[in-house]
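Visitor: Sequence first, then the predicted structure, then my questions.
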Amino acid sequence: MMWFRRRRSTPVTAKTILGLASGLLLILVLCGGLFLAGPAANAGSGSAFLKLASLPDAISPAADAKLKVLAQALALVEEQYVEPKSPKDLIYGTIQGAVSTLDSHSSFMTPEEYRELQIETKGKFSGIGIEITLKDRILTVVSPIEGTPAYRAGLLAGDQIVKINGATTKNMTLTEAVKSIRGPKGSKVVLTINRHGFTQPKDFAIVREIIPIRSVKARVVDGGIGYVRVTNFQDQTDSDLHAYLVKMHQRLTPFKGLILDLRNDPGGLLEQAVRVADEFLNSGLIVYTEGRSAHQSMRFYAHPGEKTGVPIPMVVLINEGSASASEIVAGALKDQKRAYIVGSKSFGKGSVQTIIPLEDGSALRLTTALYYTPSGITIQDKGIIPDEVVKEPEPPAGGKALQKFREETLTKHMRREGLTDKPWTQPITDAELNQDPQLKRAVEILKNWPPKKMAQAK
């Protein structure tokens, strides 16, 4: 790392440091964030557009002076620290330290971590099926993906992960956490979970599996009501949704209403969120983003034309596990008075992450913009407030009792054959509705459409 050493003949300047990087950065703007448009990270994607950006031609005197200090500090560490450190370790550590002063969604990825991210974008990975983020600097579950090992183990949105395989998550980066949780199929990971109602953290031993991405599932309800569950927003989400809507039009005569279930949907691709919302809208703004640079400020509109999702009465279900792309859809349909939102306040992840590959194969993941609903409300930290709050059943407090409650629920309600794992043409039963108060209320609303609150707003 000779370029960090102080030499009388050639002073180290900011321009010198920047010149050692690539002349061009290939910027992949992941439309939404990480699952990738999602909340955070998947111990578990994005449609992207490419843009070339050159490094700055001029450095301000203030920045130049500070970078000289950085170069001096790194040179001192390299030359005098008690143990030898490689230039790569020092540089990576410096970048990680800088990025850690930003928000919880920004991070630095080593080449290995960036390759792992690229694998995830292909829609299949080995892990436990859980979305995580850093909330108030604490590693937090956004939501377990339905039907995955994490879901069956009983992990819940809002759970705090305090240890991974016995190692504390304090000061652990998001990418480090993802790397630790993911692993080969058939291997085990132990997560130590802190949860409201626990007297002390509990261990959850979970066996990893290949997590397939099946983002759209469906059922029907007697009386001409369709039910569609979107678990996340992937490349085929809009086309799979459209296919189910076509089938419902053919089967349900008349097609009286649709329930779009976005509960525990951690997000995905912005492009897909826009297309899903567009399926139910003929005009108007869907979402817009605002950032510091012009290319980060974008507006997305619905397109006119005949659509399978128009003008069916709609109820959208959300909860605290609904994040990012799912919040965009719920926010657009709510603001446009197109759907009635039922459930509980959503997660509140409304920021755009840009992935910037670096010359050596590493990458920066930077928050570069915020999402706004059509009415101008930011999703970030605020979430989507439902038109009608319907709480989910509260499990009993206490570790063993709560776990037993979860296991009993899974035995009755899932058993690998939950609501959307049964044939889509098989009507949802009254017994299933009674186990799900939010879904039951959605059915009641559609049978007595329109709801008073929505009618008054019009």
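Guide: Thanks, I have it.

Visitor: which SSE is residue 317 in?
Guide: Element membership for residue 317, per DSSP states H and E: strand 314-318.

Visitor: tell me what that strand is packed against?
Guide: strand 257-261, helix 325-335, strand 340-343, helix 437-447 (3 or more CB pairs under 8 Å, 6 or more residues apart in numbering; DSSP states H and E). Quick note: C-beta positions are derived from backbone N, CA and C, even for glycine.

Visitor: burial measure for residue 177, as a count.
Guide: Residue 177 has 20 neighbouring residues, counting by other CB atoms under 10 Å.

Visitor: Double-check that it belongs to a helix.
Guide: Yes. Counting by DSSP: H, G, I helix; E, B strand; the rest coil, residue 177 falls inside a helix.

Visitor: Any idea what the nearest residue to it once chain neighbours are set aside is bridged to?
Guide: Using CB to CB, 6 or more residues apart in numbering and skipping the chain neighbours, the partner closest in space to residue 177 is residue 139 (5.4 Å). Residue 139 has these beta-bridge partners by DSSP bridges: residue 134.

Visitor: residues near residue 139, how many?
Guide: For residue 139, using other CB under 10 Å, the count is 26.

Visitor: Going along the chain, name the helices of the stretch 201-350 of the chain.
Guide: For the stretch 201-350 of the chain, the helices defined by DSSP state H, counting those that start in this stretch cover 237-251, 270-278, 325-335.

Visitor: For stretch 93-109, list every residue counted as buried.
Guide: By 16 or more other CB atoms under 10 Å, the buried positions in stretch 93-109 come out as 95, 96, 99, 104, 105, 106, 107, 108, 109.

Visitor: Now do stretch 352-372: distance to the chain's middle.
Guide: 15 Å (CA atoms, centre = their mean, to the nearest Å).

Visitor: same deal with stretch 211-223?
Guide: Taking CA atoms, centre = their mean, the mean C-alpha location of stretch 211-223 is offset from the chain mean by 20 Å.

Visitor: what's the average pLDDT for that stretch?
Guide: In this model, stretch 211-223 has an average pLDDT of 85.

Visitor: in it, what counts as buried?
Guide: Buried positions in stretch 211-223, judged by neighbour count with 16+ other CB under 10 Å: 211, 213, 214, 215, 216, 217, 218, 219, 220, 221.

Visitor: Mind checking what secondary structure residue 450 has?
Guide: Secondary structure of residue 450, per three-state DSSP, is coil.

Visitor: which ones are touching the nearest residue to it once chain neighbours are set aside?
Guide: Using CB to CB, 6+ apart and skipping the chain neighbours, the partner closest in space to residue 450 is residue 313 (7.0 Å). Neighbouring residues of residue 313 by CB atoms under 8 Å, 6 or more residues apart in numbering: 256, 257, 258, 446, 449, 450.

Visitor: In a markdown table: the buried residues of stretch 93-109, plus secondary structure.
Guide: A markdown table is the format used below for the buried residues of stretch 93-109 (three-state DSSP):
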| residue | secondary structure |
| --- | --- |
| 95 | helix |
| 96 | helix |
| 99 | helix |
| 104 | coil |
| 105 | coil |
| 106 | coil |
| 107 | strand |
| 108 | strand |
| 109 | strand |
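
Visitor: which one of those residues sits closest to residue 372?
Guide: Nearest to residue 372 out of those is residue 105 (CB to CB; 16.8 Å).

Visitor: Counting neighbours, what do you get for the spatially closest residue to the closest one that is not a sequence neighbour?
Guide: Nearest residue to residue 105, sequence neighbours excluded (CB to CB, 6+ apart): residue 367, at 5.1 Å. When neighbours are counted by other CB under 10 Å, residue 367 registers 18.

Visitor: So what angle separates the directions of the helix or strand hosting residue 367 and helix 325-335?
Guide: Assigned by DSSP H and E, residue 367 falls within strand 363-372. Orientation check (axes from the mean of the first three to the mean of the last three CA atoms, to 10 degrees): strand 363-372 against helix 325-335 gives 10 degrees.

Visitor: So that it lines up with my notes, have the first residue be 48 from now on.
Guide: Got it, first residue is 48 now, which makes that one strand 410-419.

Visitor: Confirm residue 478 sits in a strand?
Guide: No. According to three-state DSSP, the state of residue 478 is helix, so it is not within a strand.

Visitor: and it, how many neighbours does it have?
Guide: Residue 478 has 9 nearby residues by other CB under 10 Å.

Visitor: contacting residues around residue 466?
Guide: 264, 266, 274, 276, 460, 475, 479, 483, 486.

Visitor: That concludes my questions; thank you for your assistance.
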